[in-house]
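In: Pasted the sequence and its predicted model underneath.
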Amino acid sequence: MGQDSFTPQKRNTSSTLPTVATNGSMYSTGRVVPRGRKIHKTFNNIKITVLCGFVTILVLRGTIGVGNFGSSEADTVNQNIIEETNRILAEIRSDSDPTDPNEPPEPDLNPNVTYTLGPKIENWDISRKTWLESNSEFPNHVNGKPRILLLTGSPPNPCDNPIGDHYLLKAVKNKIDYCRIHGIEIVYNMAHLDKELAGYWAKLPMIRRLMLSHPEVEWIWWMDSDALFTDMVFEIPLSKYGNHNLVIHGYPDLLFDQKSWIALNTGSFLFRNCQWSLDLLDAWAPMGPKGPIRDEAGKILTANLKGRPAFEADDQSALIYLLISQKNEWMDKVFVENSYYLHGYWAGLVDRYEEMLEKYHPGLGDERWPFVTHFVGCKPCGSYGDYPVERCLRSMERAFNFADNQVLKLYGFSHRGLLSPKIRRIRNETITPLQYVDQFDVRHHHVSSKPQS
Amino acid sequence: MIMERCIGAHRWHRIQRALRHGKVTVICLLLTVVVLRGTIGAGKFGTPEQDFVNIRDQIVHKIAEHRRVLEEIQPQQQQQAKTTSDSADSSGSSSTSNSNSYMEFHINSILKDEDPEEKSDPNKPYSIGPKISNWDEQRSLWLKANPQFPNFIGPEKPRVLIVTGSSPKPCENPVGDHYLLKSVKNKIDYCRLHGIEIFYNMALLDAEMAGFWAKLPLIRKLLLSHPEVEFLWWMDSDAMFTDMAFEVPWERYKDSNFVMHGWNEMVYGEKNWIGLNTGSFLLRNCQWSLDILDVWAPMGPKGKIREDAGKILTRELKGRPVFEADDQSAMVYLLATQRDRWGSKVYLENAYYLHGYWGILVDRYEEMMENYRPGFGDHRWPLVTHFVGCKPCGKFGDYPVERCLKQMDRAFNFGDNQILQMYGFTHKSLASRQVKRVRNETSSPLQVKDELGLLHPAFKAVKLSSL
């Protein structure tokens, strides 16, 4: 446009819309500009420059979002998201639960009334036998073996530390593997059926409930979440226990002579599904209800059992005390097993895995190749254990891999070291894989030794 | 000058002024519009495509925020934990390695690889395993020689192995392992009721096929090592059973070898990348399956092959974003391009939720509990609720953390209620971990039947001749 070639003064004046008074200057190109007018013009220039600069920044901010000055909105959003996620994770990991305001509060336990697991059942053996006869498609023996149900579990909320959940997961995989190989069903309990019997006592109501709901189950096998199978071939010799109803690992001399609080271990035991077991559970439960009952019971147990520290009553001490004090009533049906590691205390076993690999083979179940390695005292789901954390977790990792190698053998793999999560091939791929299936599948070994029915 | 003559100098100058004013007005108007468009958004003035791109970029930006958040949480929590444990640990020993506290523990301090890594020959083309051509024959001979391991455990019921898994290392997300644990409990419950075996994998069989491709070598290995298994059921770790009473209609698939949830029109017609879902599928143990695994695998090896394959898939499939090749897109592509070879034995099931996308199901659980009952398996009561995109184990998910985790809790409780009702309990609400009694204890427990009949269901009954 031709008009733009005029002096800058003209351009500036044309953009300041409100003030039209300076239009006269467009004709006076040659005239000397008075000082006042100069200042006025400079002022106008500055105003316009500032205005244009402001507009530019606005446009830039709107489209690009300039460095530190822009995106403050995005920053606050980011901060909100972080806080929100923090809150969610904390909520998930806490014990808090959204409570229903309409629900009446649970009535307090009357300390004068003896706690019971449920209404007394008198004729369970007969009822069960009748049921089995009329439900032949749910027999209590499958493939020549009595039907076993493995019960284990963990609390419903996340562990105090994430590594605890990771080892719970590995432990359940370990149990899934053993039970798949040996045809055992698993119930993984994550519910507190009875608020009174929370903690280690929670197994009692669950065992009772499962017995009564599953008459086809012959044996209920409780196993702690911190116990790992380390012999994938060994099978419990149930034929040995034809006349017994409770199979538990322990030492009779520790039990009756020394009255030690660790004479038996309730981390891994079997209960036959029968009236006797229901009666024992009923006799066992009264020390369990939390609060004053459990505390008082704890004092009695500490006073009567050797080596027991002072703390509230636990199920193991209570059972030992029960069996000692009512020996004649119960002990004839209890098998205190120590010829194999139905429960194997980890500290004496985990360092010997390499030695075992060298000298022995799976299937022994005893100190040469332990059936179960039980990590008592490690408590990976809590914040603190009774042992150094690194030792515990290193040992758990070794035990897990030691067992996993036995499972992976069928597939031709093995861990790259007992502390390694990675695997390596130990057998080349082949186009006739079934020869190895016959050789390495654990189930086939047992079938060949099964008596022909 | 001509105009000046016509109209008159004064008027002409006035017109010129007006024109200049007009120009300035227009320029300012334009600037205002541009500024407004930049800050508020265009409405109908910008092009729809640009706006869509804008909005999508914003969402990605938001997702990137979510992704960063979890990463930042970890060190924050560790720092917090460190400070609390330092102040609380008065009786502990001085060095960290002897500490009894789990709060300061780092897994890498104990993990150690002893044997050297296998070096794969870069010049050799990838192969999932040596080619087997007579698997059907080998397998049927084996089954005849091993009658104590039949491939059918009931008149219409094949022996099924559910395969799932997760990484052998702890999750990056602090609650990830807890959700994996709940997910596996959920699978244990379903499988116990339905007489199905479980294989939980925590090993990477083939370093080339890492990530979502890891299932292929695993599936092949399991098929070949378990000839007694008739159907292998792969299930992702983020999929949960929400219908405990639904039994898969096995007789429907007697002429099929591969059952996936999907729609024929979307796979063969549209070549839509989500026309089927490989998060939950059934694969028969036979030669056909080994062949399809051989043809499926080549897009998997990580690195250049997977990247390039990803580009092909994005180009060929509808709606697929740009990323490396994944097993699901590869299967869509495979079926769409080789339908005559494979299509007759592939059953794309959509009559029930063999895979149910969680987004459209989780808000309706209460409605389902009110109107329907377990056993339908479909939109009324989904068999599987699959939390695609949530990735609770990793740091990065495609959805907000709160929605994913809370909904996973609800889905878990929804399924768990069906298990607990067998024993007379239920969760206090779908969000609550606590349970309450709904059936009183009785002194004659065998008279009581559970409502859903899951304690002794027909699909669990033992074949009488196998006793």
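Out: All right, it came through fine.

In: Report the spatially nearest residue to residue A:308, omitting neighbours in sequence.
Out: Once flanking residues are discounted, residue A:308 sits nearest to residue A:261: 3.8 Å by C-beta to C-beta, 6 or more residues apart in numbering or on different chains. Using the backbone N, CA and C atoms, a C-beta is placed for each residue, glycine as well.

In: can you give me the helices for the stretch 351-467 of chain B?
Out: Assigned by DSSP state H, counting those that start in this stretch, the helices in the stretch 351-467 of chain B fall at B:365-371, B:401-420.

In: Spell out which residues of the stretch 201-350 of chain A are next to chain B.
Out: Neighbours of chain B within the stretch 201-350 of chain A, by C-beta under 8 Å from any C-beta of the partner chain: A:209-210, A:212-216.

In: Please name whichever of the helices of the stretch 351-467 of chain B is nearest to chain A.
Out: Nearest of these to chain A, taken as C-beta to the nearest C-beta: helix B:401-420 at 4.8 Å.

In: tell me the mean pLDDT for the closest one?
Out: For helix B:401-420, the mean per-residue pLDDT is 95.

In: same for it, what does it pack against?
Out: With contacts defined as 3 or more C-beta pairs under 8 Å, 6 or more residues apart in numbering or on different chains; DSSP states H and E, helix B:401-420 has these neighbours: helix A:72-93, helix B:48-88, helix B:176-194, strand B:239-241, helix B:365-371, strand B:425-427.

In: Quick check: the residue of the stretch 251-400 of chain B nearest chain A.
Out: Taking C-beta to the nearest C-beta as the measure, the stretch 251-400 of chain B has residue B:400 as its residue closest to chain A, at 8.1 Å.

In: so how many other residues sit close to that residue?
Out: Neighbour count for residue B:400, taken as other C-beta atoms under 10 Å in any protein chain shown: 18.

In: same thing with residue A:349?
Out: Count around residue A:349 with other C-beta under 10 Å applied: 22.

In: Show me the longest helix that occurs in chain A.
Out: Longest helix in chain A, counting residues (DSSP state H): helix A:35-63.

In: elements contacting it?
Out: Helix A:35-63 sits against helix A:8-15, helix B:9-39, with contacts defined as 3+ C-beta pairs under 8 Å, 6+ apart.

In: if we can go back for a sec, in helices, which of the residues of the stretch 201-350 of chain A next to chain B fall?
Out: In helices, defined here by DSSP H, the members of those are A:209-210, A:212-213.

In: Out of the residues you listed, which is nearest to chain B?
Out: residue A:212 (4.0 Å).

In: thinking again about what came up before, so which of the helices of the stretch 351-467 of chain B comes closest to residue B:29?
Out: helix B:401-420 (43.8 Å; C-beta to C-beta).

In: list the buried ones in that closest one?
Out: B:401-402, B:404-420 (16 or more other C-beta atoms under 10 Å in any protein chain shown).

In: how about the residue of the stretch 351-453 of chain A found nearest chain B, secondary structure?
Out: Scanning the stretch 351-453 of chain A for the residue nearest chain B gives residue A:417, at 3.0 Å (criterion: C-beta to the nearest C-beta). Secondary structure, DSSP: H, G, I helix; E, B strand; the rest coil: residue A:417 is coil.

In: quick one: contacts for it?
Out: Applying C-beta atoms under 8 Å, 6 or more residues apart in numbering or on different chains, we find residue A:417 in contact with A:401, B:112-115.

In: Let's see that with 7 Å instead.
Out: Contact analysis of residue A:417 by C-beta atoms under 7 Å, 6 or more residues apart in numbering or on different chains lists B:112-115.

In: Without its sequence neighbours, what residue ends up closest to residue B:326?
Out: Nearest non-adjacent residue to residue B:326 (C-beta to C-beta, 6+ apart): residue B:212, at 5.3 Å.

In: Tell me how many other residues surround the one you found.
Out: Neighbour tally, residue B:212, other C-beta under 10 Å: 17.

In: any low-confidence regions in chain B?
Out: For chain B, the stretches with pLDDT under 70 are B:1, B:3-4, B:38-98, B:104, B:118-122, B:463-467.

In: middle-most residue in it, spatially?
Out: Nearest to the mean C-alpha position of chain B, by C-alpha atoms, centre = their mean, lies residue B:388 at 3.6 Å.

In: hey, which strand is longest across chain B?
Out: strand B:276-284 (DSSP state E).

In: distance between it and the chain's centre?
Out: Put simply, strand B:276-284 sits 12 Å off its chain's centre (C-alpha atoms, centre = their mean, to the nearest Å).

In: and the residue nearest to residue A:308, how far is that from residue A:352?
Out: Residue A:261 is 26 Å from residue A:352, where distance means C-beta to C-beta, to the nearest Å.

In: ok now do the closest residue to residue A:146 other than its chain neighbours, which residues does it touch?
Out: Nearest non-adjacent residue to residue A:146, counting by C-beta to C-beta, 6+ apart: residue A:218, 3.9 Å away. Residue A:218 is in contact with A:140, A:146-148, A:272-273, counting by C-beta under 7 Å, 6+ apart.

In: Neighbour-wise, which one of those leads?
Out: Neighbour-wise, the contacts of residue A:218 (other C-beta under 10 Å) top out at residue A:273, 26 neighbours.

In: pretty sure that one contacts residue A:213?
Out: No: in terms of C-beta atoms under 7 Å, residue A:273 does not count as a neighbour of residue A:213; the distance is 10.4 Å.

In: Just read off the phi/psi values of the residue of the stretch 351-453 of chain A closest to chain B.
Out: Residue A:417 adopts backbone torsions of phi 110, psi 150, taken as degrees, to the nearest 10.

In: Could you report the pLDDT at residue A:50?
Out: The predicted local confidence for residue A:50 is 92.

In: Count the neighbours of it for me.
Out: The burial count for residue A:50: 10, using other C-beta under 10 Å.

In: what's the one helix or strand residue B:163 maps to in contact with?
Out: Taking DSSP states H and E as the criterion, residue B:163 maps to strand B:160-165. Strand B:160-165 has contacts (C-beta under 7 Å, 6+ apart) with B:187, B:191, B:196-202, B:218-219, B:222, B:226, B:229-237.

In: Right, I'll call it a day here.
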